[in-house]
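1. One predicted model, sequence on top.
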Amino acid sequence: TQLLEQSPQFLSIQEGENLTVYCNSSSVFSSLQWYRQEPGEGPVLLVTVVTGGEVKKLKRLTFQFGDARKDSSLHITAAQPGDTGLYLCAGVPTGGGNKLTFGTGTQLKVEL
Amino acid sequence: GAVVSQHPSRVICKSGTSVKIECRSLDFQATTMFWYRQFPKQSLMLMATSNEGSKATYEQGVEKDKFLINHASLTLSTLTVTSAHPEDSSFYICSAHLTGPEAFFGQGTRLTVV
């Protein structure tokens, strides 16, 4: 059973379009992180959300943590080809020690 | 942030041989490091937790005798894939943490067993 489900799994859009990626769980997380991974590289941290209901913005990326701390979303405005990559949410369930649980991943492709 | 360096980035080996992958924390000490395996276009699958000075903790279904982990110092963990077979071909990634939950990853190692 996957603890963190991401949707959609794959997304192919045109430059300039907006998109939202969802990360859902039935478990409560003390915090959630979002990472982006490019082919042949390790994931790179984008953001950490900690407080239920929190919204964080990173240029054209907006991250939200659900009120109950069970889900999160990533919204990209006016996507660019440089946004292409695998987006992963991750977190440690409350009482889960120090092992990160990763989401199922969303493969995003932004075309010109 | 913290810098984690992984080496080699790519390796091709013959079936039956062993391959060692190194993971180093360059600007901090890491008592714990994590090893992941990743298949194409899929998420990361945790293989084991590497603990400095003690035995690694393996996830269910991961063969500890096949994937040997050594964490001999506070800045170095190694993963040795023993008697490699083509099905072991994959992308292996290590990570370490500072004080928080955020993971800092190495660049990954693409292993191809022929």
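-> Done, it's in. Residues are numbered from 1 along each chain as shown, chains lettered A, B, ... in the order given.

2. burial measure for the residue of chain A found nearest chain B, as a count.
-> Nearest residue of chain A to chain B: residue A:42, at 3.2 Å (Cβ to the nearest Cβ). Where C-beta positions appear, they are placed from N, C-alpha and C, glycine not excepted. Per other Cβ atoms under 10 Å in any protein chain shown, the neighbour tally for residue A:42 reads 23.

3. do the same with residue A:45
-> Look at residue A:45: counted by other Cβ under 10 Å, it has 16 neighbours.

4. who are the neighbours in contact with it?
-> Residue A:45 is in contact with A:33-35, B:1, B:102-104, counting by Cβ atoms under 8 Å, 6 or more residues apart in numbering or on different chains.

5. just the residues you listed now: which is nearest residue B:67?
-> Ranked by distance to residue B:67 (Cβ to Cβ), these are led by residue B:103 at 19.2 Å.

6. The closest one and residue B:12: what is the separation?
-> The spacing between residue B:103 and residue B:12, counted by Cβ to Cβ, to the nearest Å, is 28 Å.

7. With neighbour numbers in mind, choose between these two.
-> It is residue B:103, of residue B:103 and residue B:12, that has more neighbours when counted by other Cβ under 10 Å, with 25 against 11.

8. which residues pair with the more buried one across the strands?
-> Applying DSSP bridges to residue B:103 gives these bridge partners: residue B:97.

9. to the chain's geometric centre, what's the distance from stretch B:32-48?
-> On the basis of Cα atoms, centre = their mean, to the nearest Å, stretch B:32-48 sits 8 Å off its chain's mean C-alpha point.

10. Only alpha carbons, please: show that stretch as PDB.
-> C-alpha atoms of stretch B:32-48 as PDB (Å, rounded to 0.1, in the frame of the first residue of the first chain):
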ATOM      1  CA  THR B  32      22.500   8.200   9.100                       C
ATOM      2  CA  MET B  33      22.300   7.900   5.300                       C
ATOM      3  CA  PHE B  34      19.600   6.300   3.100                       C
ATOM      4  CA  TRP B  35      19.900   4.200   0.000                       C
ATOM      5  CA  TYR B  36      17.200   4.200  -2.600                       C
ATOM      6  CA  ARG B  37      16.600   2.400  -5.900                       C
ATOM      7  CA  GLN B  38      14.700   3.900  -8.700                       C
ATOM      8  CA  PHE B  39      13.200   2.400 -11.800                       C
ATOM      9  CA  PRO B  40      12.600   4.600 -14.900                       C
ATOM     10  CA  LYS B  41       9.900   7.200 -14.500                       C
ATOM     11  CA  GLN B  42       9.000   5.800 -11.000                       C
ATOM     12  CA  SER B  43       9.400   7.100  -7.500                       C
ATOM     13  CA  LEU B  44      12.200   6.200  -5.100                       C
ATOM     14  CA  MET B  45      12.100   2.900  -3.200                       C
ATOM     15  CA  LEU B  46      13.900   2.900   0.100                       C
ATOM     16  CA  MET B  47      16.300   0.000   0.300                       C
ATOM     17  CA  ALA B  48      18.100   0.500   3.600                       C
END
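
11. which SSE is the residue of chain A closest to chain B in?
-> Per DSSP states H and E, residue A:42 falls between elements, in no helix or strand.

12. Tell me the spacing between the residue lying closest to it once chain neighbours are set aside and residue B:91.
-> The shortest distance from residue A:42 to any residue other than its chain neighbours is 3.2 Å, reached at residue B:105 (Cβ to Cβ, 6 or more residues apart in numbering or on different chains). Per Cβ to Cβ, residue B:105 is found 11 Å from residue B:91.
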